[in-house]
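1. Let me see the structure of the following:
(2 chains)
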Amino acid sequence: MKTNDIILQTATKVVLFLIVLFSVHIFFAGHYTPGGGFVGGLLTSGAIVLLLLAFDMKTVSKILPVNYIHMIAVGLLFAIGTGAGALLFNVPFLTHAFGHIDLPVLGDTSLHTATLFDLGVFLVVVGVTMTIIQTIGEDE
Amino acid sequence: MINFLILPILIPLVTGVLLIFASKRIMLQRWIAGISSVIAIIFSALLVQKVRVSGIQTLDVSSWEAPFGITLVSDMMSALLVLTTSIIAFLCLIYSFWSIGEAREKFYYYAAFNFLIVGVNGAFTTGDIFNLFVFFEVMLMASYVLLVLGGKKAQLRESIKYILVNVISSALFVIAVAYLYSVVGTLNMAHISVRISEASQGNPPGIITVIAVLFLIVFGLKGAIFPLYFWMPGSYYAPPAPILALFGALLTKVGVYSITRTYTLFFYHDTGFTHQLLSFLAIMSIIAGVIGAIAYWDIKKIIIYNIIIAVGAILFGVSAMTTDSLTGSIFYLIHDMIIKAALFLLAGIVIAIAGTSNLHKISGLIKRYPGLGWTFFIAALALAGIPPLSGFVGKLLIVKGGFEAEHYWGAGIVLMSSLLVLFSIMKVFINGFWGTPRAYKEEEKVPVGKMLIAPVILIVIAVFYGVGSEYVYPYISQAAETLANPEIYIEAVLKEY
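-> Residues are numbered from 1 along each chain as shown, chains lettered A, B, ... in the order given. Next up is the predicted model:
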């Protein structure tokens, strides 16, 4: 059956970018305020699910040719790598480092290795959610 | 290097992640997994030596000082268990190369395998009760994958049961931890011990005893003690031999380890109730296990019921709470991990040859496979604890400890059970290996020689563990000393107390 979902498809094209931008905002907000990799990841996967609803699986996999299982692994590598980095400096596992650095354009920015860890979480969450949804969705 | 004790957790974790990328390239996966588990064995052995030389090792993860952050603690017991786990993992791994089949290998078998080891080693190493829960979950997630991988009807049926049982027990675990936290206000295991001691000057509050029993239920479900073992014979029956060996040798032992840890470190104030209960359940587990082991005519079932007997014997030693019986329990725990892994792997070969695990349909294997037959025979003797093999010393110490603590009945039953264990496993030997040889359909395809490598190495380790018990004894007694005197553990973790 072919459904007429022109409204959904048109809206999705705009809303998608809003959601993704918001998820990036939430991700970086997690630095010092509520937010972070987990919610950010969920929002991003929400955006992709919206895309899946509006179009179909083939189209989406053409737009985003990502192997989500590998995405989980990359995320895990980020998270473990951040933790294991501590081994190089002979401080306890997962010890983080941070500092204020003067970046061009952005000015005085506080950088924290926890962000890298969070990036790992972000990738794992997107990877896991999409793997689950795709596996269930493929059944039809 | 201060991060030393996290390496046995970190190495399989990184390996597991790398293996996800290589999921379609089987040879590459085997090499990566094999090399990394050898490295893990080396580091675990070094860790044991380090604990031997310089005492308990602790690591305040993320630099949050104990008791505020998560602390990893390697005392002798956990270091020895981590070493045993690493060795068994390596041997199950090389056994898998020739038996697990390409379909599983391509479907993240080795990755899940490594994640399971992460969970087991983590549970042995952590010094934080909530972190213990987390590592339990890591271990269980991986075990769900391994159990269901292959998708046969029996596997799916048993996976549902297994997941249901474990979800319920995990929920209970969180509830128990929450109760404990609400009473003592801390999650660090050493700190919990201090707080409980403070709270129970002379007379422990009833709520602590309630929590102790709750923990016994939670860990008893994982460790398969009476009457909570009901799920095990079915669930462990479903997966193929190397996975079964991993489950039988490691997963139940994590439950046993957790009971031992909590009952020696936290709940040693009201022993009149809690340890009596533990001792009663341990004896009942032995009896129930013996009945199962004798009743069945199925190799896998017989060995699975032997797990329950061993769990009972170990926990009986723990419940007696003398230094001797604790030494015996640790001795027997490590012996049992090695020997159960060996037996399951051997049973796997028998089943691969005969195409069935029903003893009525197998006979005369020793004529055509003498190596397999004699290895199984030695394994059977070691399991029953015939001196000088590895089961003997542990059981001797457990019984001695039992008599010292005046549990004459219990100690007698532990002794008697050895005979019946011998009977149950000899039944396998006599029916399966003696008699007239039969022709089996799938026989030619089984690479018996290659599959024998892992169990033979395990048996050699078991023999050395028994014959060389004089060299092993100092390590084990150091482990038991920490269990018998919680102050040593507490001092190592909290320093200023």
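
2. Let me see the contact set for the most centrally placed residue in chain B.
-> Centroid-nearest residue in chain B, with CA atoms, centre = their mean: B:Lys253, separated by 2.5 Å. Residues near B:Lys253 by CB atoms under 8 Å, 6 or more residues apart in numbering or on different chains: B:Leu81, B:Gly223, B:Leu333, B:Asp336, B:Met337. From N, CA and C alone the C-beta is placed, and that goes for glycine too.

3. If we use 10 Å, what do you get?
-> By CB atoms under 10 Å, 6 or more residues apart in numbering or on different chains, B:Lys253 lies in contact with B:81, B:84-85, B:88, B:120, B:123-124, B:222-223, B:260, B:307, B:310-311, B:314, B:333-334, B:336-337, B:340.

4. Kindly report the same for B:Gly185.
-> B:Gly185 neighbours (CB under 10 Å, 6+ apart): B:Pro67, B:His191, B:Ile192, B:Arg195.

5. Phi and psi next, for it.
-> Backbone torsions for B:Gly185, taken as degrees, to the nearest 10, come to phi 70, psi 30.

6. And the one 5 residues further on, by the same measure?
-> B:Ala190 adopts backbone torsions of phi -60, psi -40, taken as degrees, to the nearest 10.

7. what's the pLDDT at it?
-> Per-residue confidence for B:Ala190 comes out at a pLDDT of 93.

8. Give me the buried positions along the host helix or strand of B:Ile211.
-> Assigned by DSSP states H and E, B:Ile211 belongs to helix B:206-223. Neighbour counts over helix B:206-223 (16 or more other CB atoms under 10 Å in any protein chain shown) mark B:208-209, B:211-216, B:218-223 as buried.

9. so which strand or helix has the residue nearest to the centre of chain B?
-> Going by DSSP H and E, B:Lys253 is in helix B:252-265.

10. what is the rounded mean pLDDT of that helix?
-> Mean predicted confidence for helix B:252-265 is 93.

11. what's downstream of it, the next helix or strand?
-> Per DSSP H and E, the first helix or strand lying C-terminal to helix B:252-265 is helix B:271-295.

12. and that next one, what does it pack onto?
-> Secondary-structure packing of helix B:271-295 (3 or more CB pairs under 10 Å, 6 or more residues apart in numbering or on different chains; DSSP states H and E): helix B:206-223, helix B:252-265, helix B:299-320, helix B:408-433.

13. Restricting to C-alpha, output whatever helix or strand comes next after the longest one in CSV.
-> This points to helix B:408-433. Next in sequence after helix B:408-433, counting helices and strands by DSSP H and E, comes helix B:448-467. Extracted as CSV, the C-alpha positions of helix B:448-467 are listed here (Å, rounded to 0.1, in the frame of the first residue of the first chain):
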residue,chain,number,x,y,z
VAL,B,448,39.8,-35.5,18.1
GLY,B,449,43.5,-34.9,18.4
LYS,B,450,43.3,-31.1,18.1
MET,B,451,40.2,-30.9,20.4
LEU,B,452,42.1,-32.9,23.0
ILE,B,453,44.8,-30.2,23.3
ALA,B,454,42.9,-27.9,25.7
PRO,B,455,41.5,-30.6,28.1
VAL,B,456,44.9,-32.3,28.3
ILE,B,457,46.6,-29.0,29.2
LEU,B,458,43.8,-28.5,31.8
ILE,B,459,44.4,-32.0,33.3
VAL,B,460,48.1,-31.4,33.4
ILE,B,461,47.5,-28.2,35.3
ALA,B,462,45.1,-30.0,37.6
VAL,B,463,47.7,-32.8,38.3
PHE,B,464,50.4,-30.2,39.1
TYR,B,465,47.9,-28.3,41.2
GLY,B,466,47.4,-31.5,43.3
VAL,B,467,50.9,-32.9,43.3
